[in-house]
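Visitor: Any chance you could fold what I've pasted below:
(2 chains)
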Amino acid sequence: MEAVITGLFVGILFGFILQRGRFCMNSAFRDAILLQDNVLLKTVFAALLVELVGFALMDATGAIAINPKPFWWGANLLGSFVFGIGMVLAGGCASGITYRTGEGMVGAMTAVLGLATAGYFTAAGFLKPFKANLQAATTIPGADGKALTLHGILGMDYTTLAMIIAAIAVAVWYFVARSNKDESEADPGWGWLNTGILVGLVGILAFPLSAAAGRNYPLGITAGWINIVNVIFKGDAFNWLGLMIIGIVVGGLVAALISKEFKFRMPKPLTLVQTFAGGLLMGFGAVTSGGCNIGHLLSGVPQLSLGSILAGISIVLGAWAASYVMFVLPQKKDQ
Amino acid sequence: MSEVTPTKTLDVCGKICPYPDMNTMTTLKKMEKGEILEVLLDYPLSVERIPRNLKKQGHKLIEVEKLDGPNHKMLIEAHGLK
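Guide: Now for the predicted structure:
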């Protein structure tokens, strides 16, 4: 019982960092094509790199045993593409709308409501058969019968491959950064690298603590919201992830209060409908694919799960497709 | 704070991501060179993101003034792409 309480502390830390660091994967992917702004994208890469090294070291020392998600290509492709469209409509990724709920953004609250509702009905309600059939019909297991992973395909040890990828990434990064120096302008916030490192460290901290509570996986969002639905409507107990979600909202609230950024921000009624609809697509997509941007991208990609890598690519493509239709096309018509 | 008189005021308070940025950029695009746009916004991410993206379009940030809480007032000189 006591083991689940660490979820609350990890969540508060995570929410605080998300709010102060302005971390949002929706912005990261969308801004790259919409505003040619890569700052948040670099933050995501930094976080993934930190986690890759952290998970690899912890797995090698026995502090954790990695638990990559399965590869069900049909569910990964469809679910995550729908999730990507949903997060552009919702104005934030799964973690983004959760911490902004604590910031007082009403549009984020309605998005969360949509995410939890559709997430619940896809996990345990009328959409469950569709999700289960799609996952079962398109599953490709690894040679050992476990989840298909990059290291499994290459017949390599996880830690060795993780370290090789990390070393290549750092080397590429070093040369790219050297060739365009003008980007190192003063950043009024925490700075993309600091935020990325901190987000990565929270992921590393989350893994063993969540495992100690019986859930052998690092961070996630959607399943936590579904737990909260079950706590409210079915009298279930809070699990580690459900408490972590409460923590993110509290952490976002505390960070916003300290920096005097808390404010109830009420958009137009039509925007609330849009973010709720976006949340519905996100909830359906995340549960179908087996994870959201945090479960798949932030937590699954560093474990080199092929399902998570495919889901990550699909989320980005969905976000780009929606951004193009919603923002780029109207601008072109305008000219 | 500033002596500059804005030509136009744009209020994007309460708007969700990325509308504060998008509305600011499209409004600036329709303005003449040297005209001043005053933007009122309350979304922390955009307060940091708009200044770093203005320069790419050639617009000039004159000042960012912090008001109560997350509310900010931004003064921008349009580049005049029209």
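Visitor: mind listing what's buried in the strand or helix carrying A:Trp320?
Guide: Using DSSP states H and E, A:Trp320 sits in helix A:306-323. Judged by neighbour count using 16 or more other CB atoms under 10 Å in any protein chain shown, the buried positions of helix A:306-323 are A:306-320, A:322-323. To be clear about C-beta, it is placed using only N, CA and C from the backbone, and glycine gets the same treatment.
Visitor: again with stretch A:158-178
Guide: A:Tyr158, A:Thr159, A:Leu161, A:Ala162, A:Met163, A:Ile165, A:Ala166, A:Ala169.
Visitor: Extract the CA atoms of that stretch and return them as CSV.
Guide: C-alpha atoms of stretch A:158-178 as CSV (Å, rounded to 0.1, in the frame of the first residue of the first chain):
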residue,chain,number,x,y,z
TYR,A,158,19.9,-4.0,-24.4
THR,A,159,22.5,-2.0,-22.5
THR,A,160,25.2,-2.4,-25.2
LEU,A,161,22.9,-1.2,-28.0
ALA,A,162,21.5,1.6,-25.8
MET,A,163,25.0,2.9,-25.1
ILE,A,164,26.0,2.7,-28.8
ILE,A,165,22.9,4.7,-29.8
ALA,A,166,23.5,7.2,-27.1
ALA,A,167,27.1,7.7,-28.1
ILE,A,168,26.1,8.2,-31.8
ALA,A,169,23.4,10.6,-30.8
VAL,A,170,25.8,12.7,-28.7
ALA,A,171,28.4,12.8,-31.5
VAL,A,172,25.8,13.8,-34.1
TRP,A,173,24.4,16.4,-31.8
TYR,A,174,27.9,17.8,-31.1
PHE,A,175,28.6,18.3,-34.8
VAL,A,176,25.1,19.7,-35.6
ALA,A,177,25.3,22.2,-32.7
ARG,A,178,28.8,23.3,-33.8
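Visitor: what residues does it touch?
Guide: For stretch A:158-178, contacts defined as CB atoms under 8 Å, 6 or more residues apart in numbering or on different chains pick out A:45, A:49, A:52-53, A:55-57, A:59-60, A:66, A:149-151, A:154, A:302-304.
Visitor: Which among those count as buried?
Guide: For the contacts of stretch A:158-178, a burial check counting by 16+ other CB under 10 Å picks out A:45, A:49, A:52-53, A:55-56, A:59, A:66, A:149-151, A:302-304.
Visitor: Export the residues you listed as CSV, with columns for distance to chain B.
Guide: Formatted as CSV, those follow (distance: CB to the nearest CB, whole Å):
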residue, distance to chain B
A:Phe45, 18
A:Leu49, 23
A:Leu52, 26
A:Val53, 28
A:Phe55, 28
A:Ala56, 32
A:Asp59, 34
A:Ile66, 33
A:Thr149, 34
A:Leu150, 32
A:His151, 36
A:Pro302, 25
A:Gln303, 29
A:Leu304, 31
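Visitor: Quick check: phi and psi at A:Lys69.
Guide: phi -70, psi 150 (degrees, to the nearest 10).
Visitor: pLDDT averaged over stretch A:288-301 - what is it?
Guide: For stretch A:288-301, the mean pLDDT works out to 98.
Visitor: and A:Val229, how many residues sit next to it?
Guide: By the measure other CB atoms under 10 Å in any protein chain shown, the count of residues near A:Val229 is 18.
Visitor: Same question for the one 10 residues further on.
Guide: By other CB under 10 Å, 21 other residues sit near A:Asn239.
Visitor: Next, the contact list for it, please.
Guide: By CB under 8 Å, 6+ apart, the residues touching A:Asn239 are A:Val4, A:Gly7, A:Ala213, A:Arg215, A:Gly224, A:Asn227.
Visitor: name the element the second one belongs to?
Guide: With the criterion set as DSSP H and E, the secondary-structure element containing A:Gly7 is helix A:5-21.
Visitor: what about that helix, average pLDDT?
Guide: Helix A:5-21 shows a mean pLDDT of 98.
Visitor: Distance check, A:Ile153 against A:Leu298.
Guide: 22 Å (CB to CB, to the nearest Å).
Visitor: nearest spatial neighbour of the closest residue to chain B within chain A, skipping sequence neighbours?
Guide: Nearest residue of chain A to chain B: A:Gly91, at 3.6 Å (CB to the nearest CB). Distance criterion CB to CB, 6 or more residues apart in numbering or on different chains; nearest residue to A:Gly91, sequence neighbours excluded, is B:Ile16 at 3.6 Å.
Visitor: how about that neighbour, what does it touch?
Guide: Listed by CB under 8 Å, 6+ apart, the contact partners of B:Ile16 are A:Gly91, A:Gly92, A:Met105, A:Gly107, A:Ala108, A:Pro267, A:Thr271, A:Thr275, B:Tyr43.
Visitor: I figured B:Asp21 hits B:Val47, correct?
Guide: No - contact criterion CB atoms under 8 Å: B:Asp21 and B:Val47 do not qualify, at 10.3 Å.
Visitor: Give the helix, strand or coil label for the residue of chain B found nearest chain A.
Guide: Proximity of chain B to chain A (CB to the nearest CB) peaks at B:Ile16, 3.6 Å away. At B:Ile16 the chain is in coil, as set by DSSP: H, G, I helix; E, B strand; the rest coil.
Visitor: before we move on, back to that, who has more neighbours out of B:Asp21 and B:Val47?
Guide: Set side by side, B:Asp21 and B:Val47 show more neighbours around B:Asp21, with 26 against 22, by other CB under 10 Å.
Visitor: From the contact counts, what lies against the helix or strand harbouring that one?
Guide: Using DSSP H and E, the element containing B:Asp21 is helix B:19-29. Applying 3 or more CB pairs under 8 Å, 6 or more residues apart in numbering or on different chains; DSSP states H and E, one finds that helix B:19-29 contacts strand B:8-11, strand B:36-41, helix B:44-54, strand B:72-77.
Visitor: Mind checking if the third one is in reach of chain A?
Guide: Yes - using CB under 8 Å from any CB of the partner chain, a contact is recorded between helix B:44-54 and chain A, made by B:Pro44, B:Leu45, B:Val47, B:Glu48, B:Arg49, B:Pro51, B:Arg52, B:Asn53.
Visitor: about what we covered before: just the C-alpha atoms of the helix or strand just after the helix holding A:Trp320, please, in PDB.
Guide: Where DSSP H and E defines the elements, the next helix or strand beyond helix A:306-323 is helix A:329-334. Coordinates of the C-alpha atoms in helix A:329-334 are reproduced here as PDB (Å, rounded to 0.1, in the frame of the first residue of the first chain):
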ATOM      1  CA  LEU A 329      -4.000  25.500 -45.200                       C
ATOM      2  CA  PRO A 330      -6.100  28.400 -43.800                       C
ATOM      3  CA  GLN A 331      -3.000  30.600 -44.000                       C
ATOM      4  CA  LYS A 332      -2.400  29.700 -47.600                       C
ATOM      5  CA  LYS A 333      -6.000  30.500 -48.500                       C
ATOM      6  CA  ASP A 334      -5.500  33.900 -46.800                       C
END
